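A.B. asks: No sequence on hand, only this structure:
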């Protein structure tokens with residue numbers, strides 16, 4: 001995917017759901033993965049010509065699973081003149097060693113979300129940008145159907161009453177495959193995911209299921225995403241297990 005295409009899809013989402021207001025200071029949740037780095041790349045570029053002026057701050061929550069080298073991420077942020085903050089935590093130890101969670105994603109996401117929200121507020125941010133892409137929206141809908149018995153996906157823009165922050169998802173229109181190509185084309189400093197549960201979660205299962213559905217029923221992914229846009233948003237809740245940075 002070319003940069004102009006990423007700009008176009010991001011800007012479309014920003015405008016369709018009125019995600020940015022004049023003077024916003026937006027915390028971009030970074031995990032070091034392709035999605036969050038692409039999100040930062042796009043917002044940093046749009047910042048210079050978007051009709052509403054806004055500021056950015058990149059925030060990474062270090063889960064403390066292993067020592068990570070964030071120098072590449074820091075240099076990447078400096079390239080776009082975006083302040084970078086890495087928050088050290090013991091979340092990994094709490095989830096895997098102390099609690100020994102059999103299904104760790106929900107608790108991990110809740111703790112990460114809390115740490116990110118706290119840092120965003122301390123640094124004067126009014127909004128947090130999550131890097132959920134088009135396939136994440138579809139995956140969340142399928143997980144809701146399979147495991148909760150309801151049709152639901154997270155909203156493009158969600159106000160968090162307990163913090164006063166607003167969550168936005170600017171790359172919600174971008175397919176994951178395009179983000180893979182973008183990360184390679186523009187040599188993004190992607191970090192390896194240190195999570196022991198990586199690739200073994202329900203979300204990973206649903207991702208494989210989606211690929212199989214598309215293979216057996218060409219166009220199924222497009223139709224599912226259209227259904228999410230039409231009927232799938234829950235504007236009142238922000239499930240912790242859906243956090244992604």
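C.D. replies: Looks like it came in fine. Source: prediction; values computed, not measured.

A.B. asks: how near is the residue in the chain sticking out farthest from the centre to residue 209?
C.D. replies: Of all residues in the chain, residue 216 has its C-alpha farthest from the mean position, at 28.2 Å, by C-alpha atoms, centre = their mean. Distance of residue 216 to residue 209, computed by C-beta to C-beta, to the nearest Å: 11 Å. Every residue, glycine included, has its C-beta placed from N, CA and C.

A.B. asks: Identify the residues contacting the helix or strand of the chain with the lowest mean pLDDT?
C.D. replies: The helix or strand of the chain with the poorest confidence is helix 91-92; it has a mean of 88 (mean pLDDT, DSSP states H and E). Under the criterion C-beta atoms under 8 Å, 6 or more residues apart in numbering, residues 61, 63-65, 108, 111-112, 115, 194-195 lie in contact with helix 91-92.

A.B. asks: now do stretch 100-108
C.D. replies: Taking C-beta under 8 Å, 6+ apart as the rule, stretch 100-108 contacts 63, 91-92, 94-96, 99, 195, 197, 201-203, 240-241.

A.B. asks: how about the strands in this protein?
C.D. replies: 24-30, 54-62, 84-88, 127-129, 157-160, 165-168 (DSSP state E).

A.B. asks: Tell me the spacing between the closest residue to residue 6 other than its chain neighbours and residue 10.
C.D. replies: Excluding the flanking residues, the one nearest residue 6 by C-beta to C-beta, 6 or more residues apart in numbering is residue 42, at 5.0 Å. Residue 42 sits 4 Å away from residue 10, taking C-beta to C-beta as the criterion.

A.B. asks: So for those two, which residues contact both of them?
C.D. replies: Joint contacts of residue 42 and residue 10 (C-beta under 8 Å, 6+ apart) are 170-171.

A.B. asks: on that earlier part again, can you put the contacts of helix 91-92 in JSON lines and add neighbour count and pLDDT?
C.D. replies: Rendered in JSON lines, the data for those read as follows (neighbours: other C-beta atoms under 10 Å; pLDDT from 0 to 100):
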{"residue": "61", "neighbour count": "24", "pLDDT": "95"}
{"residue": "63", "neighbour count": "24", "pLDDT": "90"}
{"residue": "64", "neighbour count": "16", "pLDDT": "85"}
{"residue": "65", "neighbour count": "16", "pLDDT": "84"}
{"residue": "108", "neighbour count": "24", "pLDDT": "87"}
{"residue": "111", "neighbour count": "20", "pLDDT": "92"}
{"residue": "112", "neighbour count": "22", "pLDDT": "92"}
{"residue": "115", "neighbour count": "18", "pLDDT": "95"}
{"residue": "194", "neighbour count": "15", "pLDDT": "80"}
{"residue": "195", "neighbour count": "19", "pLDDT": "80"}
